[in-house]
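Novice: pasting the structure only:
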């Protein structure tokens, strides 16, 4: 099991700023990106054996980006990114429209202690907490679909 923090924003650029407000490590890896385009460019460069925003040179983080969102995993195991939130929840249907963007932070190393810096910061910034079992091969956040569906009313309320 692993702890994830979720928050929905109507505007993805606002979500990028919110990610950086919750975690200094995310801010360092995004280099203070101002929006989704800068964030994606920075994450892509980081995967090319470049130093991150904090100047640390490390192995290779992982990035998956598609038309539904992006997921970035640091070498240390911190995950973050976003997925489209449809009016019906996680999976799109023919009549769906985009209701917002679910921004996700995955706690490195399993279940977050209540007193952890990341858990405290996420709570202070109004992020919802959930636990899910991530398969190692799942780079698309699909393992969070049930959590997103379950939390859809709360996530949709965040975009109001």
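Specialist: Sure, I can see it. The structure displayed is predicted, hence computed values, not measured ones. Numbers count the residues shown, from 1 in each chain.
Novice: tell me where the chain has helices.
Specialist: Taking DSSP state H as the test, the helices found in the chain are 12-22, 24-30, 36-46, 117-124, 145-158.
Novice: buried residues, the third one. List them.
Specialist: In this case it means helix 36-46. Using 16 or more other C-beta atoms under 10 Å as the test for burial, helix 36-46 gives 36, 39-40, 42-43, 46. The way it works is simple: take the backbone N, C-alpha and C, and place the C-beta from them, glycine included.
Novice: so what's residue 40 up against?
Specialist: 65, 70 (C-beta atoms under 8 Å, 6 or more residues apart in numbering).
Novice: which stretches of the protein have low pLDDT?
Specialist: For the chain, the stretches flagged by pLDDT under 70 are 49-59, 88-95, 134-143, 146, 160.
Novice: gap between the two ends of stretch 74-87?
Specialist: Start-to-end span of stretch 74-87 (C-alpha to C-alpha, to the nearest Å) is 30 Å.
Novice: now it, how far from the centre of its chain.
Specialist: What separates the centre of stretch 74-87 from the centre of its chain is 3 Å, taken as C-alpha atoms, centre = their mean, to the nearest Å.
Novice: buried residues, it. List them.
Specialist: 74, 78-86.
Novice: kindly report the same for stretch 6-24.
Specialist: Buried-residue list, stretch 6-24, by 16+ other C-beta under 10 Å: 6-9, 12-13, 15-20, 22-23.
Novice: got a list of contacts for that stretch?
Specialist: Residues contacting stretch 6-24 (C-beta under 8 Å, 6+ apart): 5, 26-27, 30, 32-36, 38-39, 78, 80, 82, 85, 99-105, 118, 121-122, 125-130, 144, 147-148, 151, 155-156, 158-159.
Novice: report the contact partners of residue 25.
Specialist: Per C-beta under 8 Å, 6+ apart, neighbours of residue 25: 74, 76, 78.
Novice: and the spatially closest residue to the second one that is not a sequence neighbour, how many neighbours does it have?
Specialist: Ranked by C-beta to C-beta, 6 or more residues apart in numbering and with sequence neighbours excluded, the top spatial neighbour of residue 76 is residue 108, at 5.7 Å. Other residues within reach of residue 108 by the criterion other C-beta atoms under 10 Å amount to 18.
Novice: quick check: phi and psi at residue 108.
Specialist: Main-chain torsions, residue 108, degrees, to the nearest 10: phi -70, psi 130.
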